[in-house]
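Asks: Return atomic coordinates for the entry below.
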Amino acid sequence: MAVFESKVATLRKRILLAAPRGYCAGVDRAVDAVEKALAHYGAPVYVRKEIVHNKYVVEALTKRGAIFVSETDEVPQGARVVFSAHGVSPAVHEQAAARHLETIDATCPLVTKVHKQAVRFASSDYDIILVGHTGHEEVEGTQGEAPDHIQVVNGPHEVDQVEVRDPNKVVWISQTTLSVDETMETVAKLRERFPALQDPPSDDICYATQNRQAAVKALAPDCDAVIVVGSGNSSNSVRLKEVALEAGAGAAYRVDFASEIHPEWLADVETVGLTSGASVPEILVREVIELLAQWGFEDVQEVRTATENIAFSLPKNLRADLKAAGAEIRPHERRQPAPDHTC
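Replies: As a prediction, this is how the structure comes out:
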């Protein structure tokens, strides 16, 4: 009995902190574009949709003078508008031009790559199957590139509904923020129906989405619970919660802020995993760590599965205006998670 009690006494509550986590290069570029536009041109700067899917980021930019709108026609004639990281369709660009808007296109370059794939396959008269979520801004933008050629499939359960003109000229592309496993399951079912299904030239699911899911898969089996910091309309954040459960976590929760964590979630938890979606600033993760420390989770161990060094340049016209004004334009350094969370 004494030996057993000794072992229990030495157990410490711990946090397994996923790495990579948080901001990806596309999100960092988009947020930086709005911040620099506000600093250079002055407020207001309009933003079509949420620049990224995160409540904290949107609220912070709103306080600085950004005005978020749902549609282009809400932007005053001739005003300046930023297009979000999720991308827009050609029709939106046309609407902006008709209203003489000064546009800053902050579409993630990886999303732009998928747009170009859609245009190229449509020009060769392929039926294009877009694996993604109907209504998501990225999906709407991609589908708008070739609406007569693209049909959206939300998951394996919709594969039987797909109809194509020529089963020998079918290709799939995907929303960049999906679960890798779910996407591959959908593609496998599509290939059962259409054996000649062509793959895109490269994997559409972005490196950041894959890296964050891989980190969660690595830590989840050792966790009694996993907390994902991210907004409910953030596809990649929602997927991280699902991935954690599928990988063996005892429970998984998604929150926007530390204040949303319920103590009873962690009542019998010794090891809690912690990660954040690709549109989440590190400050929100720090707040969770500080709260958990108050509840006895003082041992923080980083679980790193990859190191990200990718950075994207600011949108071309914004970069040109900053340069013309004498601003020093350096390669943008991503706001990496702070190292003081590692042990």
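
Asks: In which helix or strand does the closest residue to A106 other than its chain neighbours reside?
Replies: Nearest residue to A106 in three dimensions, chain neighbours excluded: A30, at 4.0 Å (CB to CB, 6 or more residues apart in numbering). Heads up, the C-betas are built off the backbone N, CA and C, glycines and all. A30 is part of helix 25-41, with elements assigned from DSSP states H and E.

Asks: Which strands or helices does that helix pack on?
Replies: Helix 25-41 is packed against strand 45-48, helix 55-64, strand 80-83, helix 109-123, helix 316-324, with contacts defined by 3 or more CB pairs under 8 Å, 6 or more residues apart in numbering; DSSP states H and E.

Asks: Counting neighbours, show which residues of the last one come out buried.
Replies: Buried residues in helix 316-324, defined by neighbour count with 16 or more other CB atoms under 10 Å: L318, R319, D321, L322.

Asks: Return the distance of it from the chain's centre.
Replies: The gap between where helix 316-324 is centred and where its chain is centred comes out at 26 Å by CA atoms, centre = their mean, to the nearest Å.

Asks: Same check on the third one?
Replies: If you compare the mean C-alpha spot of strand 80-83 with that of the full chain, they lie 20 Å apart, counting by CA atoms, centre = their mean.

Asks: what residues does that strand touch?
Replies: Applying CB atoms under 8 Å, 6 or more residues apart in numbering, the contact partners of strand 80-83 are 30, 33-34, 37, 41, 45-48, 51, 66, 69, 72, 75, 92, 96, 101-107.

Asks: Stretch 268-287: how far from the chain's middle?
Replies: Distance, centroid of stretch 268-287 to centroid of chain: 15 Å (CA atoms, centre = their mean).

Asks: Please apply the same query to stretch 226-233.
Replies: With CA atoms, centre = their mean as the basis, the distance from the averaged C-alpha position of stretch 226-233 to the chain average is 11 Å.

Asks: Could you look up the SS state of R12?
Replies: For R12, the secondary-structure state derived from DSSP: H, G, I helix; E, B strand; the rest coil is coil.

Asks: For the closest residue to it other than its chain neighbours, give me its contacts.
Replies: In space, R12 comes closest to D299 once its chain neighbours are excluded; the distance is 5.0 Å by CB to CB, 6+ apart. Contacts for D299 (CB under 8 Å, 6+ apart) come out as R12, K13, R14, I15, C343.

Asks: For H262, see how far away D299 is.
Replies: Using CB to CB, to the nearest Å, one gets 22 Å for the distance from D299 to H262.

Asks: Helices of the chain, start to end?
Replies: Along the chain, the segments classed as helices by DSSP state H run 2-10, 25-41, 55-64, 90-98, 109-123, 137-143, 180-193, 207-219, 235-246, 282-294, 316-324.

Asks: Could you identify the buried members of the contacts of strand 80-83?
Replies: When neighbours are counted using 16+ other CB under 10 Å, the contacts of strand 80-83 contain these buried positions: 30, 33-34, 37, 45-48, 51, 66, 72, 75, 92, 96, 101-107.

Asks: got the contact list for the helix holding A30?
Replies: Contacts of helix 25-41 from elsewhere in the structure, counted by CB under 8 Å, 6+ apart, are 23, 45, 47, 51-52, 57, 61, 64-66, 80, 82, 84-85, 104, 106, 108-111, 206, 208, 278-279, 308, 310-315, 318, 321-322, 325, 327, 332, 334-335.

Asks: Just the buried ones out of the residues you listed, please.
Replies: Neighbour counting with 16+ other CB under 10 Å marks 23, 45, 47, 51-52, 57, 61, 66, 80, 82, 84-85, 104, 106, 108, 110-111, 206, 208, 278-279, 308, 312, 314-315, 318, 321-322, 332, 334 as buried within the contacts of helix 25-41.

Asks: I310 and G232, how far apart?
Replies: I310 is 27 Å from G232, where distance means CB to CB.

Asks: Kindly report the same for V58.
Replies: If you measure V58 against G232 using CB to CB, the figure is 13 Å.

Asks: between these two, which one's more packed in?
Replies: Under the neighbour definition other CB atoms under 10 Å, V58 and G232 were set side by side, and V58 has more, 21 against 11.

Asks: Report whether the expected contact of the more buried one with E50 is present.
Replies: Yes: assessed by CB atoms under 8 Å, V58 is found in contact with E50 at 5.2 Å.

Asks: okay, and the common contacts of the two?
Replies: Overlap of the contact sets of V58 and E50 (by CB under 8 Å, 6+ apart) consists of F68.

Asks: mind listing what S237 touches?
Replies: The neighbours of S237, taking CB under 8 Å, 6+ apart as the test, are H53, V228, V229, G230, S231, R254, S276, G277, A278, S279, V280.

Asks: I'm done for today, thanks for sticking with me.
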